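# Requesting a structural model of the entry that follows:
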Amino acid sequence: MSEIEVHMFPCLRDNYGFLVHDPDSGATACVDTPEVEPILRALDERGWTLTYILNTHHHADHAGGNRQIKAATGCRIVGPRADAERIPGIDIEVGDGDELRLGARRIVVRETPGHTRGHIVYHFPDDRIAFVGDTLFAMGCGRLFEGTPAQMWSSLRKILEWPDDTRLYCAHEYTQANARFALTVEPGNAELRRRAEEVDELRAAGRPTVPTTVGQERATNPFLRPDSRNLRETIGLLDADDVAVFAKTRALKDAF
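Down below sits the predicted model:
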């Protein structure tokens, strides 16, 4: 089996667009539709025919281009069953544990509510890649617009179940700002300090910081590290449970 291809490109102000291509079958998926023209241009430049739109959630910078791209390509739109009424043009409703195929590639859907009530992520377990929308960012996580801290922590734990070398394609270039916050709540994390310097160098060179990996996030993302003693000491919750530590960390980021 040939290696799966992922083409990533900027959209809007700080979104990324993703095309996922199975070279053996020619099947291609677009993960979310933040901006129509860059997506159609990328398909045309590569000569790829769009099979699916894989929507992670309903926000306009993720599903706003659905109908135009469907009209232009004839693709089918996949989205969360729990939020189907807010996914424009949805054809296929999916939920936790459901599987799809992109050619011969297996895609496992996981429900990750918190940012929105119906957010889902798409995991390609055999290819060690995942598209996590706004649930997880490099050294960050999504704001809790429609969910609770307990829901979001449960969602993030699903991502932590994957192997450390799983590449995570998050939907926004927020890494530099996330690193600045992370250093305020876990200043004793040497690996975090090193990574923050690397991120500054990448951004100064105009290069993306996405994708990240499960291993990198496990080591440097404060929202995945409620067990860190340094984090707990810094935010004053040494003996609290993990959900309380996560909730306080998220509240601090909201006010940062």
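
# what's near enough to touch the residue nearest the centre of the chain?
Centroid-nearest residue in the chain: Val132, 2.4 Å away (criterion: C-alpha atoms, centre = their mean). Shown in contact with Val132 (C-beta atoms under 8 Å, 6 or more residues apart in numbering): 56, 112, 121, 159, 168-171. All C-beta spots, glycine's among them, are computed from the backbone N, C-alpha and C.

# Filter the residues you listed down to just the ones in helices.
Ile159 (DSSP state H).

# could I get the contacts of Val132 as a markdown table with distance to Gln151, neighbour count and pLDDT?
Converted to a markdown table, the contacts of Val132 look like this (distance: C-beta to C-beta, whole Å; neighbours: other C-beta atoms under 10 Å; pLDDT from 0 to 100):
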| residue | distance to Gln151 | neighbour count | pLDDT |
| --- | --- | --- | --- |
| Thr56 | 16 | 26 | 98 |
| Thr112 | 9 | 31 | 98 |
| Val121 | 14 | 26 | 98 |
| Ile159 | 14 | 22 | 98 |
| Leu168 | 19 | 23 | 98 |
| Tyr169 | 22 | 20 | 98 |
| Cys170 | 19 | 26 | 98 |
| Ala171 | 19 | 28 | 97 |
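
# quick one, longest helix in this protein?
Longest helix in the chain, counting by DSSP H: helix 190-204.

# Against which helices or strands is the helix or strand just after it packed?
Next in sequence after helix 190-204, counting helices and strands by DSSP states H and E, comes strand 212-213. Here strand 212-213 touches strand 167-170, going by 3 or more C-beta pairs under 8 Å, 6 or more residues apart in numbering; DSSP states H and E.

# And the strand it packs on, how far out from the chain middle?
Here the centre of strand 167-170 is set off from its chain's centre by 6 Å, with C-alpha atoms, centre = their mean, to the nearest Å.

# just stretch 71-91 next, same as before
Mean-position distance between stretch 71-91 and its chain equals 18 Å (C-alpha atoms, centre = their mean).

# what do you get for stretch 202-217?
Counting by C-alpha atoms, centre = their mean, stretch 202-217 comes out at 13 Å from the chain centroid.

# pLDDT of that stretch, averaged?
Average pLDDT, stretch 202-217: 98.

# What of stretch 135-148?
For stretch 135-148, the mean per-residue pLDDT is 98.

# how long is that stretch end to end?
End-to-end span of stretch 135-148 (C-alpha to C-alpha, to the nearest Å): 13 Å.

# any residues touching that stretch, and which ones?
Residues outside stretch 135-148 that contact it (C-beta under 8 Å, 6+ apart): 56, 112-117, 119, 121, 133-134, 152, 155-156, 159, 168, 170, 172, 174-175, 177-179, 181-182, 192, 195, 199, 209-210, 212, 216-217, 220-223, 250, 253-254.

# which regions of the chain sit below the pLDDT cut-off?
Residues of the chain meeting the criterion pLDDT under 70: none.

# Could you list the domains of it?
Taking automatic domain parsing as the reference, the chain has its domains at 5-111+119-127, 134-256.

# circling back: ok, the contacts of Val132 vs Pro23, which is closest?
Distance ranking of these against Pro23, using C-beta to C-beta, places Tyr169 first at 18.2 Å.

# List the beta-bridge partners for the closest one.
Beta bridges link Tyr169 to Phe131 when assigned by DSSP bridges.

# Do me a favour and get the end-to-end distance for stretch 112-130?
First residue to last in stretch 112-130 (C-alpha to C-alpha) measures 13 Å.

# Which helix or strand contains the nearest residue to Pro149 once chain neighbours are set aside?
Once flanking residues are discounted, Pro149 sits nearest to Ala247: 3.6 Å by C-beta to C-beta, 6 or more residues apart in numbering. Per DSSP H and E, Ala247 falls inside helix 242-254.

# Kind regards, and thank you for your time.
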